[in-house]
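Q: here is the input, now give the coordinates:
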Amino acid sequence: MVVVLASSSDAGGGIGCWDLHTGSEQIRYKSLSSPCHGLTSVGDRFLASSQLRDTATSAGSVFFWSWSKPQVEVKSFPAEPITPLAANHSGTYLVGGGLSGDIYLWEVETGKLLKKWHGDNTAVTCLVFSEDDSLLISGFKNGSIRVWSLLMIFDDVRRREASKIYEYSFSEHTLCVNDVVIGYGGYNAIIASASDDRTCKVWSLSNGMLQRNIIFPSKIKAIALDPAEHALYAGGEDGKIYIAALNTTKITTNNHVSYITGSFSNHSKAVTCLAYSAGENYLISGSDDGIVRVWNASTHNIIRVFKHAKGPITNILVLSPENDSSNHVSSNLQVTSKKKGAQFPPLEKYTNSIDEDSDIKTIVSLGGSKRCMDEVSYLSSHVISSYSKELQNQGSAAASEMEIEKLKRDCQKSMQMVNQWKKMYDNLHQFCVKELLDENAK
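A: The predicted model follows:
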C-alpha cells in the first residue's frame with residue numbers, strides 16, 4: 001500500500017494519511033504546528049515531526065508517532081527549536097537543524113545525541129540524506145548549501161585536523177534556500193536547490209561545479225525530480241508548477257534563453273511542497289490553500305484531491321509502510337518499546353560528557369536499508385587514536401564504494417583516451433597510406 005502523508009501549519013490539521021490508490025483516509029495524527037521539512041519517516045515505521053510554536057522564543061519540540069496510533073507517543077525537547085528533520089533510510093539516525101545554524105544527530109534506538117556541529121551562522125531550512133546515507137545536504141536561510149560526509153562527522157581525529165569539515169559549500173543563492181533534493185549515484189549524484197531568489201540551481205557532486213542555473217518568474221518554494229532525472233518540477237509562489245529540462249540545452253524563444261519547458265496549475269495559492277511517487281508516475285503537490293493534489297506526471301491531469309486543513313500544507317511524504325521483520329533497526333525499536341512502554345526513548349537534549357571518558361562503542365552504520373553494509377565502530381576520544389590506523393586500513397563499506405566508483409570513472413576515462421588515440425592512429429595511418437599511394441601514382 002502506498003500512502004500520502006501531509007502535515008499543516010494549522011494547529012487543528014495534524015498529519016493526514018491517505019491511500020494513494022483508493023483515495024480513502026487511513027488515519028489522522030494529532031499534531032500542533034509542523035514547519036516546512038519538519039516531518040519525516042523513521043525507517044518507514046514511525047513518524048517524527050518538529051513542532052515550532054513561536055520562532056521568537058526557545059520553545060520547540062519533536063513528536064513521535066507509531067503508524068497504528070494517532071496520539072503522540074513520545075515527546076522530546078531539544079536544546080533549541082528544530083525546524084527541518086531527516087532520517088536515514090534504515091531509520092537508525094535522526095538529524096535536526098536548529099534556528100542557530102547547529103545540526104544535531106541522534107541515534108533513534110537510544111535517543112542519544114551522538115553529534116552536534118555548527119552548520120552556518122543562520123537557521124537551517126532543509127536537510128536531506130544521499131541515497132547511500134553517506135552524505136547529508138543542508139540548506140540555510142542565508143542562501144548557502146553545505147554537503148557533509150558522515151565519515152568526517154564521526155571521525156573526531158580528522159575533524160580536529162581538517163580546516164573545514166564540509167565537503168562542499170555552495171553560496172550562489174542570494175536569498176533563503178527553501179528546498180533541496182538529491183539524485184541517485186552517491187558522490188556522482190546531482191543536487192538541485194530552490195530559493196526565494198527565483199532560481200533553482202543544479203550542482204554536480206563529483207566535482208562540486210554548478211551545472212545549471214534556472215530562472216523562474218516566481219519564488220520557488222518546493223522542487224521534485226522525476227526518477228530518470230530528466231525534469232525538475234518547481235512549485236512557485238504564484239501557484240504554478242513549472243517544468244525545467246535537465247538533460248537538454250537551453251531553449252531560446254523570442255530571444256529569451258530558458259530551461260523551462262512548461263507549467264500547469266490548479267492551486268489558488270502558493271505551492272509549498274512537492275513529492276514524486278515513482279511507481280505510479282504521480283506528482284503530489286501541497287499548497288497554502290490547504291489542499292493536496294495528485295497529478296499524472298505525463299498528462300498533468302489531476303488524479304485525486306485531498307482536502308486536508310484550513311492552513312498551509314507544510315510537508316508531503318509518499319511511503320510504502322511494510323512490516324518487515326528482517327529490519328534489525330525496527331526489531332530493536334520494538335524490543336525497546338516492550339521494556340519501556342514506548343516505541344522509542346525521548347531524544348537527548350545534550351551530548352553526554354560521560355561518554356568522553358568511557359570505552360563504550362557507538363555503532364555507526366552508514367548504509368541504507370536496501371543493502372547490507374559493514375558497520376564501523378567509532379570509539380570514545382581517548383582510545384580512538386589506537387584504532388585510527390586500523391579504521392583507515394579497513395575503511396568502511398561507504399568509503400570502499402566511493403573508491404570503487406572513482407576507479408570506475410578513472411577506468412572509463414582511460415578507455416576513452418585509448419579509443420581517441422586509436423582513432424587518431426587510424427586516421428594518421430590512412431593519411432600516410434594515401435600520401436604514399438599518391439606519390440607512387442606520380
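Q: count the neighbours of the closest residue to Asn301 other than its chain neighbours for me.
A: In this structure, Asn301 finds its nearest non-sequential neighbour in Trp295, 6.9 Å apart by C-beta to C-beta, 6 or more residues apart in numbering. The C-beta positions use only the backbone N, C-alpha and C, and glycine is treated the same way. Neighbour count for Trp295, taken as other C-beta atoms under 10 Å: 21.
Q: for Trp295, give me its contacts.
A: 241, 264, 282-285, 301-303 (C-beta atoms under 8 Å, 6 or more residues apart in numbering).
Q: bridge partners for it, pull those for me.
A: Counting by DSSP bridges, Trp295 is bridged to Leu283, Ile302.
Q: if we can go back for a sec, now the contacts of Trp295: which count as buried?
A: 241, 264, 282-285 (16 or more other C-beta atoms under 10 Å).
Q: adding distance to Val95 as columns, could you present the residues you listed in a markdown table?
A: As requested, the buried ones among the contacts of Trp295 are exported to a markdown table (distance: C-beta to C-beta, whole Å):
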| residue | distance to Val95 |
| --- | --- |
| Ile241 | 28 |
| Phe264 | 34 |
| Tyr282 | 27 |
| Leu283 | 26 |
| Ile284 | 24 |
| Ser285 | 25 |
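Q: tabulate the residues you listed (JSON lines), appending pLDDT and distance to Leu347.
A: Conversion of those to JSON lines gives the following (pLDDT from 0 to 100; distance: C-beta to C-beta, whole Å):
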{"residue": "Ile241", "pLDDT": "97", "distance to Leu347": "35"}
{"residue": "Phe264", "pLDDT": "95", "distance to Leu347": "40"}
{"residue": "Tyr282", "pLDDT": "95", "distance to Leu347": "33"}
{"residue": "Leu283", "pLDDT": "96", "distance to Leu347": "33"}
{"residue": "Ile284", "pLDDT": "96", "distance to Leu347": "29"}
{"residue": "Ser285", "pLDDT": "96", "distance to Leu347": "31"}
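Q: and the contacts of Trp295, which is closest to Glu348?
A: Ile284 (34.2 Å; C-beta to C-beta).
Q: was I right about that closest one contacting Ala278?
A: No: between Ile284 and Ala278 there is no contact under C-beta atoms under 8 Å: 11.7 Å.
Q: Throw the contacts of Trp295 into CSV and include distance to Lys434, thanks.
A: Below are those laid out as CSV (distance: C-beta to C-beta, whole Å):
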residue, distance to Lys434
Ile241, 59
Phe264, 58
Tyr282, 60
Leu283, 58
Ile284, 63
Ser285, 63
Asn301, 61
Ile302, 65
Ile303, 64
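Q: and the pLDDT at the residue most central in space within the chain?
A: The residue lying closest to the centre of the chain (C-alpha atoms, centre = their mean) is Val128, at 2.2 Å. Per-residue confidence (pLDDT) for Val128: 97.
Q: one step back: from Asn266, how far off is the residue nearest to Asn301?
A: 9 Å (C-beta to C-beta, to the nearest Å).
Q: can you check Phe129 too?
A: 32 Å.
Q: for the helix or strand hosting Lys434, give the mean pLDDT please.
A: Assigned by DSSP states H and E, Lys434 belongs to helix 397-441. Mean pLDDT, helix 397-441: 71.
Q: what packs against it?
A: helix 150-153 (3 or more C-beta pairs under 8 Å, 6 or more residues apart in numbering; DSSP states H and E).
Q: give the buried residues for the helix it packs on.
A: Buried residues in helix 150-153 (16+ other C-beta under 10 Å): 150-151, 153.
Q: next: stretch 131-151.
A: Neighbour count says stretch 131-151 has 132-151 buried, by 16+ other C-beta under 10 Å.
Q: so which of those residues are in strands?
A: If you go by DSSP state E, the buried residues of stretch 131-151 have 135-140, 145-149 in strands.
Q: quick one: low-confidence ranges for the chain?
A: 1, 11-12, 31-32, 53-59, 249-257, 321-343, 353-403, 405-406, 442 (pLDDT under 70).
Q: tell me which stretches of the stretch 101-250 of the chain form strands.
A: 102-107, 113-118, 124-129, 135-140, 145-149, 166-170, 177-182, 190-195, 199-204, 210-215, 220-225, 231-236, 241-245 (DSSP state E, counting those that start in this stretch).
Q: reformat those as CSV; add distance to Arg45.
A: Formatted as CSV, the strands of the stretch 101-250 of the chain follow (distance: least, C-beta to C-beta, whole Å):
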stretch, distance to Arg45
strand 102-107, 16
strand 113-118, 20
strand 124-129, 17
strand 135-140, 21
strand 145-149, 25
strand 166-170, 30
strand 177-182, 23
strand 190-195, 28
strand 199-204, 32
strand 210-215, 36
strand 220-225, 24
strand 231-236, 28
strand 241-245, 31
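Q: among the ones you listed, which comes closest to Cys411?
A: strand 199-204 (19.3 Å).
Q: what sits against Gly97?
A: 82-85, 103-104, 119, 123-127, 138.
Q: closest to Lys423 among these?
A: Nearest to Lys423 among the contacts of Gly97: Ser138, at 45.0 Å, using C-beta to C-beta.
Q: hey, what's that closest one bridged with?
A: In beta-bridge terms (that is, DSSP bridges), Ser138 pairs with Leu127, Arg146.
Q: how about the contacts made by Gly290?
A: So Gly290 contacts 8, 10, 13, 307-313 (C-beta under 8 Å, 6+ apart).
Q: drop anything exposed from these.
A: Applying 16+ other C-beta under 10 Å to the contacts of Gly290 flags 8, 10, 13, 308-309, 311-313 as buried.
Q: redo the buried residues of helix 150-153 as a markdown table? Include distance to Ile182.
A: As requested, the buried residues of helix 150-153 are exported to a markdown table (distance: C-beta to C-beta, whole Å):
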| residue | distance to Ile182 |
| --- | --- |
| Leu150 | 14 |
| Leu151 | 17 |
| Ile153 | 17 |
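Q: list the contacts for Glu232?
A: Careful, residue 232 is Leu; it's not Glu. 192, 200, 202, 214, 223-225, 243-246.
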